[in-house]
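>>> based on what follows, work out the 3D shape:
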Amino acid sequence: MIEQDTVKLLRECDAGVKMGVTAINEVLDYVHNEKLKKLLIEGLDENDHIEKELRKLLTEYHDDGKEPNPMAKGMAWIKTNVKLTMDESDNVIADLITDGCNMGIKSLRKYLNQYQAADENSKNLAKRLIKHEEKLAAAVADYL
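Numbering: from 1, shown residues only. Okay, the predicted model is just below:
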């Protein structure tokens, strides 16, 4: 049970990190404010560090991870592009990032509760990812 929950939790973290990277990359070219751009690039860097740790843990369990849900990814892409077509301002970008972070936080907390038998390393990585999402959402709040 521990190994099964661990792998499932790691997969969900993997999908979440990939979703976050995609979301930031989709808006980065539209950012006008250099401080906001720097915050988003730092967010990408932290996602990269977490992704490397995830890869290592998933490899230990002989698992390839998980891609984000195609429907969720498609809907996020549509929302992002529709909003940016109407308004390419930094506050729209901050709003999109905040929504994405909040969805990620909610999902990860749900998975932490769902996969309670996961090992402590995986739980701690999920909690670290949640804190990263919370920190990024708080940082971009000044641009809403």
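>>> residue 68 is in contact with residue 21, isn't it?
No. Counting by CB atoms under 8 Å, residue 68 stays clear of residue 21, with 9.8 Å between them. Every residue, glycine included, has its C-beta placed from N, CA and C.
>>> which one's more surrounded, these two?
Set side by side, residue 68 and residue 21 give different neighbour counts by other CB atoms under 10 Å, the larger being at residue 68 (19 against 16).
>>> could you list the low-pLDDT ranges of this structure?
1 (pLDDT under 70).
>>> need the overlap of contacts for residue 68 and residue 21.
The contact sets of residue 68 and residue 21 do not overlap (CB atoms under 8 Å, 6 or more residues apart in numbering).
>>> so where do the helices sit in this protein?
For the chain, applying DSSP state H gives helices covering 2-28, 34-60, 70-86, 90-114, 120-140.
>>> buried ones in the third one, by neighbour count?
Put plainly, it is helix 70-86. 73, 76, 80, 83, 84 (16 or more other CB atoms under 10 Å).
>>> what residue is smack in the middle of this structure?
Centrality entry for the chain: nearest residue to the mean C-alpha point is residue 20, 3.4 Å, by CA atoms, centre = their mean.
>>> quick one: residues contacting that residue.
The contact partners of residue 20, taken as CB under 8 Å, 6+ apart, are 43, 47, 100, 101, 104, 133.
>>> my guess is the last one contacts residue 107. True?
I take that to be residue 133. No. With the criterion set as CB under 8 Å, residue 133 and residue 107 do not qualify as a contacting pair; they are 9.7 Å apart.
>>> between these two, which one's more packed in?
Looking at residue 133 and residue 107 with other CB under 10 Å, you find the greater number of neighbours at residue 133, namely 26 against 18.
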